[in-house]
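Novice: I would like the atomic coordinates for the input below:
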Amino acid sequence: MPIPTEPIGSIPRPPQLIQAMRGFEEGRTSREGLDAVYAAALRDTIQRFEATGSPVISDGEQTKPSFATYPIHGLTNLASDGISIPFADGHTRQLPRLVSGPFRYKTRAASYLEAAKRYTHKPLKQAVISASALSLLYPQAGIEGYSREKFLDDLVQEAEADIRLCLQQGAHKVQVDFTEGRLSLKLDPSRGLLRQFISLNNRVLSRFSPEEKRRIGVHTCPGGDLDATHSADVDYAGLLPDLFTLEAGNFYVQLASEKDRRRVLKLIREYARPDHKVFVGVIDPINPRIESPEEVRDRVLEAAEFLPREQLGTTDDCGFAPFSDDTSTARETAFEKIRARVAGTQLAAQKLGL
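Specialist: Residues are numbered from 1 along each chain as shown. This is a model prediction of the structure:
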């Protein structure tokens, strides 16, 4: 397409998959039974994704327990009482806490990519969790015999390997989910925590070549879970100057649900480098109303007033169901919204003569 368009990643899971995942955790569903439901949901998701006309698709994160904890799900050196993240509607999500070293991933994102490739020949995008998000697993009190410095060294190694394996397996793009970036400003308005996060993620990203970085992107949003966010009240002006210092070639920026999109676009124009591709959000996954292609077209044309055409792409603001139990958005609604994004981006390209 003259204007590239990509999803963020997650799609609401079918009810039978959510039930099977819960049944497996409770010992009521066998491993073989769960794998069969996984395969059916994955195949159906990819077929529906292809039917939207999307030039780039994902596996819908159908088999991930969550976008954040997939690498560590099932590890035995974790406790359940880690950092809690509050959302605007009052619900929370809690991270585990690391209790001993060494830190290693149990699951690689490339395993999801490999499974999805069995069902499609379309370009596949793979999301990975950022090193900065996983750094929150380490307790403030420390771990005897396993220093924070050693943990961060191990974490950087694991995060690099997670991205590199996806690239080696032919991912069209590898997207680093960095939703904690905006949240960090709520926790620490001085931007000190944000800059620690940026520095840590750049320790990972600096290990890739310029060519590889053109296939790596960073996603930022105010969180999106159960129709609520954790940091939508945090001003983008505090995030974007530092965000664009990340050593990635692509940036996926939540924008459709922003109150003042033009102000954010001015900030993007100010801080994005000429070699950055900026995918602006034109679909709001939290809003149940399905955008029209014409509405998407107008949002793309608005962004084109601020960004050079060669730097502009479109995306969804966030994933549609980042946690496996999130059923706040209907599965059909998600695919209709993606269809509108694709059609609206094409309309905008035609209007721009591309």
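Novice: so who does residue 141 touch?
Specialist: For residue 141, the set of contacting residues under the criterion of CB atoms under 8 Å, 6 or more residues apart in numbering is empty. For glycine as for every other residue, the C-beta is placed from the backbone atoms N, C-alpha and C.
Novice: quickly run through the sheet partners of the host helix or strand of residue 127, with directions.
Specialist: Here residue 127, judged by DSSP states H and E, is contained in strand 125-129. Note on strand 125-129: by DSSP bridges, its sheet partners are strand 173-177 (parallel).
Novice: contacts for the partner strand?
Specialist: With contacts defined as CB under 8 Å, 6+ apart, strand 173-177 is touched by 6, 8-9, 56, 67-68, 109, 125-130, 133, 163, 166-167, 201, 205, 215-219, 248, 250, 252.
Novice: need the helices for this structure, in chain order.
Specialist: Residue ranges of the helices in the chain, as given by DSSP state H, are 15-25, 31-51, 109-116, 131-134, 148-168, 180-187, 192-205, 210-213, 240-243, 261-271, 293-304, 331-351.
Novice: can I get those helices in a markdown table with distance to residue 313, mean pLDDT and mean neighbour count?
Specialist: Compiled in a markdown table, those are given as follows (distance: least, CB to CB, whole Å; pLDDT from 0 to 100; neighbours: other CB atoms under 10 Å):
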| stretch | distance to residue 313 | mean pLDDT | mean neighbour count |
| --- | --- | --- | --- |
| helix 15-25 | 30 | 89 | 16 |
| helix 31-51 | 18 | 95 | 16 |
| helix 109-116 | 21 | 96 | 20 |
| helix 131-134 | 24 | 96 | 24 |
| helix 148-168 | 19 | 98 | 18 |
| helix 180-187 | 19 | 91 | 22 |
| helix 192-205 | 19 | 97 | 19 |
| helix 210-213 | 16 | 98 | 12 |
| helix 240-243 | 16 | 97 | 19 |
| helix 261-271 | 12 | 98 | 17 |
| helix 293-304 | 9 | 98 | 20 |
| helix 331-351 | 8 | 97 | 20 |
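Novice: how about these in TSV, adding distance to residue 94?
Specialist: Output for the helices of the chain, formatted as TSV (distance: least, CB to CB, whole Å):
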stretch	distance to residue 94
helix 15-25	16
helix 31-51	24
helix 109-116	22
helix 131-134	13
helix 148-168	20
helix 180-187	14
helix 192-205	19
helix 210-213	33
helix 240-243	26
helix 261-271	30
helix 293-304	35
helix 331-351	26
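Novice: among the ones you listed, which is nearest residue 225?
Specialist: Proximity to residue 225, assessed across those by CB to CB, is greatest for helix 180-187 (12.1 Å).
Novice: and the residue nearest to the spatial centre of the chain, what pLDDT?
Specialist: In the chain, the C-alpha nearest the mean C-alpha coordinate belongs to residue 177, at 3.9 Å (CA atoms, centre = their mean). Looking at residue 177, its pLDDT reads 95.
Novice: show me the beta-bridge partners of it.
Specialist: Using DSSP bridges, the bridge partners assigned to residue 177 are residue 129, residue 219.
Novice: to residue 81, which of the helices of the chain lies closest?
Specialist: Short answer: helix 131-134, nearest of these by CB to CB, at 16.6 Å.
Novice: contacts for the closest one, please.
Specialist: Identification of contacts with helix 131-134 by CB under 8 Å, 6+ apart yields 68, 71-72, 155-156, 159, 177-181, 196-198, 200-201, 203-204.
Novice: go with 6 Å
Specialist: Residues from elsewhere that reach helix 131-134 (CB atoms under 6 Å, 6 or more residues apart in numbering): 68, 155, 159, 180, 197, 200-201, 204.
Novice: out of the residues you listed, who's nearest residue 325?
Specialist: residue 68 (13.5 Å).
Novice: need the contact list for residue 314.
Specialist: The neighbours of residue 314, taking CB under 6 Å, 6+ apart as the test, are 5, 282, 300, 345.
Novice: who does it bridge with?
Specialist: Following DSSP bridges, residue 314 is listed with bridge partners residue 5, residue 280.
Novice: okay, it and residue 154: tell me how far apart.
Specialist: Between residue 314 and residue 154 the distance, using CB to CB, to the nearest Å, works out to 37 Å.
Novice: what about the nearest residue to residue 319 once chain neighbours are set aside, neighbour count?
Specialist: Nearest-residue entry for residue 319: residue 10, 3.3 Å, with adjacent residues in sequence omitted and distances by CB to CB, 6 or more residues apart in numbering. Using other CB atoms under 10 Å, the number of residues around residue 10 comes to 29.
Novice: residue 10 and residue 231, how far apart?
Specialist: Per CB to CB, residue 10 is found 18 Å from residue 231.
Novice: in terms of contact, does residue 60 touch residue 12 like I think?
Specialist: No: applying CB atoms under 6 Å, one finds residue 60 not in contact with residue 12, separated by 8.3 Å.
Novice: so between these two, which is more surrounded?
Specialist: Just comparing residue 60 and residue 12: by other CB under 10 Å the higher neighbour count belongs to residue 60, 28 against 25.
Novice: so what's the more buried one up against?
Specialist: With contacts defined as CB under 6 Å, 6+ apart, the neighbours of residue 60 are 11, 45.
Novice: for it, grab phi and psi.
Specialist: For residue 60, the backbone dihedrals (degrees, to the nearest 10) come out as phi 70, psi 10.
Novice: and it, how far from residue 341?
Specialist: For residue 60, the distance to residue 341 - CB to CB - is 15 Å.
Novice: residue 343: what's its closest spatial neighbour, skipping adjacent residues?
Specialist: Take residue 343 and drop its neighbours on the chain: the residue closest to it by CB to CB, 6+ apart is residue 293, 3.9 Å away.
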